[in-house]
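Asker: need the 3D shape of this:
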Amino acid sequence: MADERIDPRYAGNRQNPKAPRPIEGVVVTSIKENVDDRQSLSVYLKASDPFFAGFAQSYVTRTTRGVVKAWHYHLHQTDVWYVAAGKIKVGLFDARKDSPTCGVANEVIMGGGANVTLAIPPGVFHGYLTLSEEAVLINTTNTAYDPSDEYRADWNDPRLPFVWEVVNR
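Answerer: The predicted model follows:
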């Protein structure tokens, strides 16, 4: 592995959507939507947020239904995600060797009524499945894009125990 902070085994627990153990350092924050007859307005990130790690860049990604964009992690970059339109299912997997939640997988639904901000710390694999016809994801990062800080695995890597399919609950 590229860094001793990441467990090379990626061993983990099978995802349990009914009772997941939250991954250490991942922050999901409900966002208030202010609506009147002219507009809706949501503030998804402020410098005073406890998970705010600084600002270097922000970008927008558009994807269509059924697209899985996974897996990757960073050693230095913190990502803060907000879904401006549509709905996604986010997959998270903690591969940090010294983390109390190493080996834990979580899912987070964003958009489509789940108006939240998701802060993803370094060392946590992340990706998503687009559930709506189109999804618009805004990512704000604390470092500018650096290809040497981007580590990838296939979306269906068996070392990362995550179920991408939509589960009937």
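Asker: residue boundaries of the strands in this protein?
Answerer: For the chain, strands defined by DSSP state E occupy the ranges 27-30, 33-35, 40-42, 57-64, 68-73, 79-85, 87-94, 105-111, 116-120, 124-130, 134-141, 151-152.
Asker: between those, which gets nearest to Leu160?
Answerer: strand 87-94 (4.9 Å; Cβ to Cβ). (C-beta placed from N, C-alpha, C; glycine too.)
Asker: wait, which of the strands of the chain is closest to Pro50?
Answerer: The nearest among the strands of the chain, by Cβ to Cβ, is strand 27-30 at 7.5 Å.
Asker: pull out the buried residues from that closest one.
Answerer: Val27, Val28, Thr29 (16 or more other Cβ atoms under 10 Å).
Asker: distance from the centroid: which residue in the protein tops it?
Answerer: The C-alpha centroid of the chain is most remote from Asp37, which lies 32.1 Å away (Cα atoms, centre = their mean).
Asker: rewinding a little: as JSON lines, the strands of the chain with distance to Leu160 and mean pLDDT would be great.
Answerer: Conversion of these to JSON lines gives the following (distance: least, Cβ to Cβ, whole Å; pLDDT from 0 to 100):
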{"stretch": "strand 27-30", "distance to Leu160": "20", "mean pLDDT": "92"}
{"stretch": "strand 33-35", "distance to Leu160": "33", "mean pLDDT": "87"}
{"stretch": "strand 40-42", "distance to Leu160": "31", "mean pLDDT": "87"}
{"stretch": "strand 57-64", "distance to Leu160": "20", "mean pLDDT": "97"}
{"stretch": "strand 68-73", "distance to Leu160": "6", "mean pLDDT": "95"}
{"stretch": "strand 79-85", "distance to Leu160": "17", "mean pLDDT": "97"}
{"stretch": "strand 87-94", "distance to Leu160": "5", "mean pLDDT": "97"}
{"stretch": "strand 105-111", "distance to Leu160": "7", "mean pLDDT": "95"}
{"stretch": "strand 116-120", "distance to Leu160": "15", "mean pLDDT": "97"}
{"stretch": "strand 124-130", "distance to Leu160": "6", "mean pLDDT": "97"}
{"stretch": "strand 134-141", "distance to Leu160": "20", "mean pLDDT": "98"}
{"stretch": "strand 151-152", "distance to Leu160": "11", "mean pLDDT": "94"}
